[in-house]
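>>> Provided below are the primary sequence and the corresponding predicted coordinates.
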Amino acid sequence: MAKRMERVARGVTAGELALGLLLSLLVACGSESLEQLEEEASDCPEGPPIQLGGAPSSAVLLNAYYLQDEAARELRGGQTESRVVEEVLSKAAAMGVWGLRTNGFNDAPEKRGVSTIQVAPGQYDEDSLRGLDLVLARASHHGVKLVLPLGNYWDAYGGARQYVAWAGLPAPRQGDPRFFTERAVIEHYKRYITFLLSRTNTFDGIRYGEHPAVLGWELLNEPRGVGLDRGGEAMRAWVDEIASVVKAQAPGHLVGTGEEGFDTSVEGYDAAFWSRVPPASLFEASSSFRGNTASPHIDFGSVHFYPEHWGIPTVHTARSGASWISDHAALARELGKPLFLGEFGLRNQGDFSLEERRAIYRGWLLCAWRVGVGGIAPWMFAPDDRPDAWDDFTFYFRDGTRPEDARNRYADLLIEAAGRSGRR
């Protein structure tokens with residue numbers, strides 16, 4: 001007010017008045033735009049909640065895939081605990097989130113002697129396994145549950161390509177479809193799962209398949225049907241076979257596919273909306289969310305959401321997330337199963353400003369609560385010493401800051417959502 005009075009006292013030109021009016025209008029429009037983004041992102045129908053095991057409805061989790069890798073490095077270096085594991089787990093507990101999603105595998109050739117678990121078919125590095133032992137034991141100590149993918153479709157940490165290469169098949173590639181169809185590869189993967197889930201943790205003496213820190217296992221991180229039959233039958237057969245092995249070894253744990261939610265057609269989805277929003281490849285995937293989730297060995301539906309990477313137009317981003325969440329939740333509910341949104345994100349240097357991303361995230365978190373999903377986990381929670389450039393989607397809860405500090409990006413939104421979780 002004092003500044004404004006000074007300007008009036010000395011005289012204000014017509015140009016200054018016009019500029020001031022324009023700035024006021026721009027601020028107002030920006031505010032309305034944020035409200036509109038949040039409204040579109042949260043525009044979801046009410047649905048009865050279906051919980052992920054003992055988790056509260058719409059439980060909030062964090063993605064921190066790197067915990068085994070960090071723990072193995074620190075243990076191999078002579079430490080008795082992992083600084084990174086302790087930081088991430090303690091901050092997750094402080095935020096009130098239910099759990100973490102983190103890797104239950106490491107087949108990376110370049111990390112042998114550092115953190116690789118499986119160094120060759122059936123050959124395992126004990127020091128690297130103790131890294132995963134530590135993650136489970138410390139998660140239990142902090143009261144944080146874990147969802148653990150058992151492998152990766154992509155090349156990171158070995159992936160499908162590594163299994164195909166181990167089988168001696170020619171020209172292995174990222175996301176190699178032979179991972180899902182070749183008997184030698186399938187049998188090798190089943191042996192790894194059986195070995196891992198039968199392991200007794202060296203820190204607490206508890207068998208993996210019975211470990212109380214584990215909320216659930218995912219068959220693979222983001223399995224895709226590229227190169228498989230158009231109807232999704234091959235992927236469904238793989239899901240049935242691999243999931244039955246996991247259930248046999250960990251009968252008290254939940255099992256999910258780890259998929260992104262793609263399907264073979266738009267049937268059962270909001271066809272009117274998705275027909276206006278490319279790309280059509282989301283529903284021409286040679287893998288069916290509906291079919292895979294219907295497997296009697298699968299306990300929850302799995303979806304991810306990365307609209308920028310998938311080519312969804314910016315103008316449709318907020319609403320497409322609401323539709324993706326509500327459509328898949330409805331399909332899972334028809335099957336009597338909860339939905340886990342295991343990853344989602346908007347790039348830090350992408351199409352939206354931080355305030356716009358916050359508005360959309362707040363809306364998607366509210367949408368998940370309204371439709372009654374089992375759990376929702378944004379990608380990607382980072383420890384303080386990891387730079388922003390490490391990942392396109394990093395967010396933090398930095399030491400010595402308040403959750404709403406802009407450097408943390410979304411910590412306050414997740415605390416808010418965690419506080420809402422279970423209140424239905």
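That came in fine, so what should we check first? Numbering: from 1, shown residues only.

>>> can you pull out the strands in the stretch 251-400 of the chain?
254-256, 301-305, 339-344, 375-376 (DSSP state E, counting those that start in this stretch).

>>> Need these in a markdown table (columns: distance to residue 69, mean neighbour count and mean pLDDT).
All C-beta atoms are positioned from the backbone trio N, CA, C, and that covers glycine. A markdown table is the format used below for the strands of the stretch 251-400 of the chain (distance: least, C-beta to C-beta, whole Å; neighbours: other C-beta atoms under 10 Å; pLDDT from 0 to 100):
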| stretch | distance to residue 69 | mean neighbour count | mean pLDDT |
| --- | --- | --- | --- |
| strand 254-256 | 22 | 26 | 98 |
| strand 301-305 | 21 | 27 | 98 |
| strand 339-344 | 18 | 28 | 98 |
| strand 375-376 | 23 | 28 | 98 |
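
>>> Of all these, which one comes closest to residue 63?
Closest of these to residue 63 is strand 339-344, at 6.0 Å (criterion: C-beta to C-beta).

>>> residues making contact with that closest one?
For strand 339-344, the external contacting residues (C-beta atoms under 8 Å, 6 or more residues apart in numbering) are 50, 52, 63, 101, 147, 216, 218, 256, 258, 300-306, 321, 325, 328-329, 332-333, 364, 368, 373-379.

>>> how close does residue 138 sit to residue 62?
Residue 138 sits 15 Å away from residue 62 when distances are taken as C-beta to C-beta, to the nearest Å.

>>> Between these two, which is the more surrounded one?
Set side by side, residue 138 and residue 62 show more neighbours around residue 62, with 25 against 22, by other C-beta atoms under 10 Å.

>>> pretty sure residue 52 is touching residue 300, no?
Yes. Under the criterion of C-beta atoms under 8 Å, residue 52 makes contact with residue 300 at 5.9 Å.

>>> what's the overlap in contacts for those two?
216, 254, 338, 340, 374.

>>> The stretch 101-250 of the chain: helices as residue ranges?
126-142, 159-166, 183-198, 233-249 (DSSP state H, counting those that start in this stretch).

>>> Can you name the residues that contact residue 178?
With C-beta under 8 Å, 6+ apart, residue 178 has these contacts: 164, 167, 169, 172, 185.

>>> ok, 10 Å please
160-161, 163-164, 167, 169-170, 172, 184-186, 227-228 (C-beta atoms under 10 Å, 6 or more residues apart in numbering).

>>> now residue 138
67, 71, 81-82, 85-86, 88-90, 144, 203-204, 213.

>>> What of residue 360?
Contacts of residue 360 by C-beta under 10 Å, 6+ apart are 34, 37-38, 40-42, 307, 317-319, 321-322, 344, 346, 352.

>>> at 7 Å instead, please
37, 41, 317, 318, 321, 346, 352 (C-beta atoms under 7 Å, 6 or more residues apart in numbering).

>>> And the pLDDT for it?
Reported pLDDT at residue 360 in the predicted model: 98.

>>> Next, find the distance separating it from residue 276.
From residue 360 to residue 276 the distance is 19 Å (C-beta to C-beta).

>>> what's the answer for residue 257, then?
Counting by C-beta to C-beta, the gap from residue 257 to residue 276 is 28 Å.

>>> Equivalent analysis for residue 357, please.
Distance from residue 357 to residue 276, by C-beta to C-beta: 23 Å.

>>> More neighbours: which of the two?
Between residue 357 and residue 276, counted using other C-beta under 10 Å, the more crowded position is residue 357 (23 against 11).

>>> what sits against the closest residue to the more buried one other than its chain neighbours?
Distance criterion C-beta to C-beta, 6 or more residues apart in numbering; nearest residue to residue 357, sequence neighbours excluded, is residue 346 at 4.8 Å. Counting by C-beta under 7 Å, 6+ apart, residue 346 makes contact with 308, 352, 357, 360.

>>> Phi and psi next, for the first one.
For residue 308, the backbone dihedrals are phi -70, psi -40 (criterion: degrees, to the nearest 10).

>>> Leaving out chain neighbours, which residue sits closest to it?
According to C-beta to C-beta, 6+ apart, the nearest residue to residue 308 is residue 350 (5.1 Å).

>>> what about the one you found, neighbour count?
17.

>>> Quickly note the distance from it to residue 380.
14 Å.

>>> tell me the contacts of the nearest residue to residue 99 once chain neighbours are set aside?
Distances taken as C-beta to C-beta, 6+ apart place residue 145 nearest to residue 99, at 3.5 Å, with adjacent residues excluded. Contacts for residue 145 (C-beta under 7 Å, 6+ apart) come out as 55, 98, 99, 213, 215.
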